[in-house]
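Enquirer: 3D, please:
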Amino acid sequence: MRILAAYDETEPSKRALERAVSLAKAFDAKLIVTSVAPVLQSAGGRSAGPVDPVDSPQRHIEELAHARVYVQEQGIDAEYVPAVGDPANTIMLVAEQHDVDLIVVGTREPGLVDRILHQSVSRSVSRHSHRDVMIVHPG
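Expert: Presented below is the predicted three-dimensional model:
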């Protein structure tokens, strides 16, 4: 079994990483952790633009280093995959490239305005992925 955890140091993604680690332990699964530096969307949101300067690829590499500390403390070996792109699409691409059985993502339970204005990453992954998806909700 192969499990992909999406991580970006937010509380929801920390919960998702914890759950993915628990599952990896329970099922003796291979764990892959990814962190996606988002690209800016062009007008209309259709094509990807430049990398977000505030949320850079280097920042996501550092986030993966922090995730590595936690995962290693739990006694799990994992593969760490920094990526750049639309977060939901890139998570699904990494899942395909690594042939994972399960994608684990966190959700922050957005309010009504956020749901109307932005598509959540967890919702988009769960709707469009051809892999099983576990959405970890706030505790």
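
Enquirer: going forward, measure contacts and count neighbours with C-alpha atoms only.
Expert: OK.

Enquirer: quick one: contacts of stretch 15-23?
Expert: Here stretch 15-23 makes contact (Cα atoms under 8 Å, 6 or more residues apart in numbering) with 3-7, 29, 31, 67, 71, 74, 76, 104-106, 135-136, 138.

Enquirer: all strands for the chain, in order.
Expert: Taking DSSP state E as the test, the strands found in the chain are 2-6, 30-37, 39-41, 48-51, 78-84, 102-106, 132-136.

Enquirer: Format the ones you listed as JSON lines; extra columns: mean neighbour count and distance to Pro12.
Expert: Shown next, in JSON lines, are those (neighbours: other Cα atoms under 10 Å; distance: least, Cα to Cα, whole Å):
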{"stretch": "strand 2-6", "mean neighbour count": "26", "distance to Pro12": "10"}
{"stretch": "strand 30-37", "mean neighbour count": "25", "distance to Pro12": "13"}
{"stretch": "strand 39-41", "mean neighbour count": "18", "distance to Pro12": "21"}
{"stretch": "strand 48-51", "mean neighbour count": "14", "distance to Pro12": "23"}
{"stretch": "strand 78-84", "mean neighbour count": "17", "distance to Pro12": "18"}
{"stretch": "strand 102-106", "mean neighbour count": "26", "distance to Pro12": "4"}
{"stretch": "strand 132-136", "mean neighbour count": "18", "distance to Pro12": "7"}
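
Enquirer: Pipe these into a markdown table and attach mean pLDDT and distance to Arg19 per row.
Expert: Below are the strands of the chain laid out as a markdown table (pLDDT from 0 to 100; distance: least, Cα to Cα, whole Å):
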| stretch | mean pLDDT | distance to Arg19 |
| --- | --- | --- |
| strand 2-6 | 98 | 9 |
| strand 30-37 | 97 | 11 |
| strand 39-41 | 72 | 27 |
| strand 48-51 | 64 | 29 |
| strand 78-84 | 96 | 14 |
| strand 102-106 | 97 | 8 |
| strand 132-136 | 96 | 8 |
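
Enquirer: Tell me which of those approaches Leu93 most closely.
Expert: Leu93 sits nearest to strand 78-84 of all the strands of the chain, at 9.8 Å, using Cα to Cα.
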